[in-house]
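Undergrad: Fold the following, please.
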Amino acid sequence: MKTLNDYIKSIKDGKDLSVNESEDAFDQILLQKAEDNEIVDFLTSLSKKCESVDEIFGAVISIKKKANIIKGFSNSFDTCGTGGDGSKTFNISTISAIVAASSGICVAKHGNKAVSSLTGSADVLSELGININLDKNKIIDCLNKINLCFLFAPNFHPILKNVADIRKKIGKRTIFNILGPLLSPVECKKQIMGVYDANILLNVAEVLKKLGTEHAWVVSGNKEYDELTTTGKNYIVEIKNNKIKELKIDVSTFGIEKSNKEDLIGGDSKENAKIIKGILNGKISGAKKDIVLLNAASALYINGKTKDIKSGLEIVNEIILSGKALKKLNDLIELSNS
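TA: Numbers count the residues shown, from 1 in each chain. Prediction:
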């Protein structure tokens with residue numbers, strides 16, 4: 001039987017691990033059969049080499065076997081991204097999930113507290129008054145009644161607590177950033193997944209294909225954001241009907257004004273909660289609202305609610321203007337605390 005050090009040596013020699021080898025390596029890590037310094041070496045070496053399709057897939061298999069899964073909602077949609085892009089934006093994918101759910105899409109937003117960024121989805125949702133520590137029955141209740149819930153990752157992947165301190169010690173992105181959005185507790189078949197590095201778009205798409213994804217976009221905004229952006233070109237790999245296609249989208253195509261990086265910057269959870277409320281209640285417009293519209297419109301397209309992004313933009317803008325999205329947020333606050 002190979003040890004984690006054996007796998008580290010292979011990785012440092014530039015060799016990719018097989019699916020079975022990766023699964024075994026992550027079993028050793030998660031079941032605490034390796035020393036902390038070995039785990040740090042493994043994760044940083046893997047990141048430096050760049051994680052292969054089989055390595056990511058093997059890790060997903062290892063974690064899924066130890067997860068708490070909710071059955072019956074694979075038709076739901078997720079906007080969970082990798083984080084780790086260093087862009088310091090507000091929680092764009094989180095508010096986009098709320099807007100998307102307001103269109104009638106069943107959204108199971110998966111996320112966590114910040115690890116490699118300032119504010120995670122769990123941090124900002126807690127600040128907004130949402131109870132993120134819901135059991136399976138309450139989550140099912142939320143999905144059935146308001147077609148929106150938040151899945152706090154540690155509650156569904158408790159085994160990952162064994163590497164939480166190590167991830168904080170490393171202090172930068174690792175394969176665990178990639179894995180988060182691939183581990184939906186409801187095993188959703190549709191999603192938009194932002195990644196921190198455009199170089200991993202195809203590999204992540206191949207993993208989603210292996211997982212049986214029906215329709216998804218893996219996106220890198222201008223090769224610097226882990227979501228679709230209004231600052232430049234969007235690089236996308238689409239998985240649909242078991243086929244993979246590369247796309248490029250420029251927001252000018254849809255009549256959206258190009259924004260500057262500074263326009264999208266957020267802050268801590270209090271600041272980001274204020275931004276989310278401001279967009280939903282109509283007090284904040286401009287660049288911050290535009291990027292939410294773009295991501296939410298893409299969610300509608302992926303879920304077959306609209307034929308293209310341009311018509312989706314009109315729908316999601318009306319959803320915000322009508323107050324439906326703000327009501328959806330308030331519904332989640334109320335139901336999660338009842």
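
Undergrad: Contacts only, for the closest residue in space to Asp250 that isn't next to it in sequence.
TA: Of all residues not flanking Asp250 in the chain, Lys233 sits nearest, at 5.4 Å (Cβ to Cβ, 6 or more residues apart in numbering). Quick note: C-beta positions are derived from backbone N, CA and C, even for glycine. Counting by Cβ atoms under 8 Å, 6 or more residues apart in numbering, Lys233 touches Asn222, Lys248, Ile249, Asp250.

Undergrad: From Gly304, how far out is the residue nearest the centre of the chain?
TA: What sits nearest the mean C-alpha location of the chain, by Cα atoms, centre = their mean, is Cys80, with 1.7 Å. Counting by Cβ to Cβ, to the nearest Å, the gap from Cys80 to Gly304 is 20 Å.

Undergrad: residue ranges for the helices of the stretch 101-250 of the chain, please.
TA: For the stretch 101-250 of the chain, the helices defined by DSSP state H, counting those that start in this stretch cover 121-127, 136-146, 153-156, 161-170, 175-179, 201-210.

Undergrad: just checking, what packs against the lengthiest helix in the chain?
TA: Counting residues, the longest helix found in the chain (DSSP state H) is helix 287-302. Applying 3 or more Cβ pairs under 8 Å, 6 or more residues apart in numbering; DSSP states H and E, we find helix 287-302 packed against helix 92-101, strand 190-194, strand 215-221, helix 269-280, helix 309-322.

Undergrad: Name the stretch among the ones you listed that sits most buried.
TA: helix 92-101 (a mean of 29; mean count of other Cβ atoms under 10 Å).

Undergrad: any residues touching that helix, and which ones?
TA: Helix 92-101 is contacted from outside by 77-81, 107, 109, 111, 121, 124-125, 146-148, 192, 194, 226-227, 264, 276, 279-280, 291-293, 295-296, 299-300, 303, 316, 319-320, 325, 328-329, 332, using Cβ under 8 Å, 6+ apart.

Undergrad: for that helix, what is the average pLDDT?
TA: Taken as a whole, helix 92-101 has a mean pLDDT of 97.

Undergrad: Also compute the angle for that helix relative to strand 215-221, please.
TA: Put simply, helix 92-101 runs at 140 degrees to strand 215-221, going by axes from the mean of the first three to the mean of the last three Cα atoms, to 10 degrees.

Undergrad: quick one: helix 92-101 to chain centroid distance?
TA: Offset of helix 92-101 from its chain centre (Cα atoms, centre = their mean, to the nearest Å): 11 Å.

Undergrad: for stretch 231-243, same thing?
TA: Centroid separation for stretch 231-243 versus its chain: 15 Å, with Cα atoms, centre = their mean.

Undergrad: and it, which residues are buried?
TA: Thr231, Gly232, Asn234, Tyr235, Ile236, Val237, Glu238, Ile239 (16 or more other Cβ atoms under 10 Å).

Undergrad: Looking at those residues, which is nearest Glu35?
TA: Nearest to Glu35 out of the buried residues of stretch 231-243 is Val237 (Cβ to Cβ; 36.7 Å).

Undergrad: who does that closest one bridge with?
TA: For Val237, the beta-bridge assignment (DSSP bridges) gives partners Val218, Glu246.

Undergrad: I'd like to know how far it sits from Asn337.
TA: 38 Å.

Undergrad: residue contacts, the closest residue to Tyr7 other than its chain neighbours?
TA: Once flanking residues are discounted, Tyr7 sits nearest to Ala25: 4.7 Å by Cβ to Cβ, 6+ apart. By Cβ under 8 Å, 6+ apart, the contact set of Ala25 is Leu4, Tyr7, Leu17, Phe42, Gly58, Ala59.

Undergrad: now the fifth one, what's its secondary structure?
TA: What it means is Gly58. What DSSP: H, G, I helix; E, B strand; the rest coil gives for Gly58 is helix.

Undergrad: Now name the helix or strand holding the nearest residue to it once chain neighbours are set aside.
TA: Here the nearest residue to Gly58 in space, its sequence neighbours aside, is Ser22; by Cβ to Cβ, 6+ apart that works out to 2.7 Å. Taking DSSP states H and E as the definition, Ser22 sits inside helix 19-30.

Undergrad: Any idea how far that helix is from the middle of the chain?
TA: 23 Å.

Undergrad: What residues sit buried inside it?
TA: In helix 19-30, counting by 16+ other Cβ under 10 Å, buried: Val19, Glu21, Ser22, Glu23, Asp24, Ala25, Phe26, Asp27, Gln28, Ile29, Leu30.

Undergrad: rewinding a little: most neighbours among the contacts of Lys233, please name it.
TA: Ile249 (19 neighbours; other Cβ atoms under 10 Å).

Undergrad: quick one, what contacts the residue nearest to that residue when sequence neighbours are not counted?
TA: Nearest residue to Ile249, sequence neighbours excluded (Cβ to Cβ, 6+ apart): Asn234, at 4.4 Å. By Cβ under 8 Å, 6+ apart, the contact list for Asn234 reads Val219, Ser220, Gly221, Asn222, Leu228, Lys248, Ile249, Asp250, Val251.

Undergrad: What of Glu257?
TA: Thr230, Ala287, Asp290.

Undergrad: of the residues you listed, closest to Asp135?
TA: Using Cβ to Cβ, those come closest to Asp135 at Asp290, 37.2 Å.
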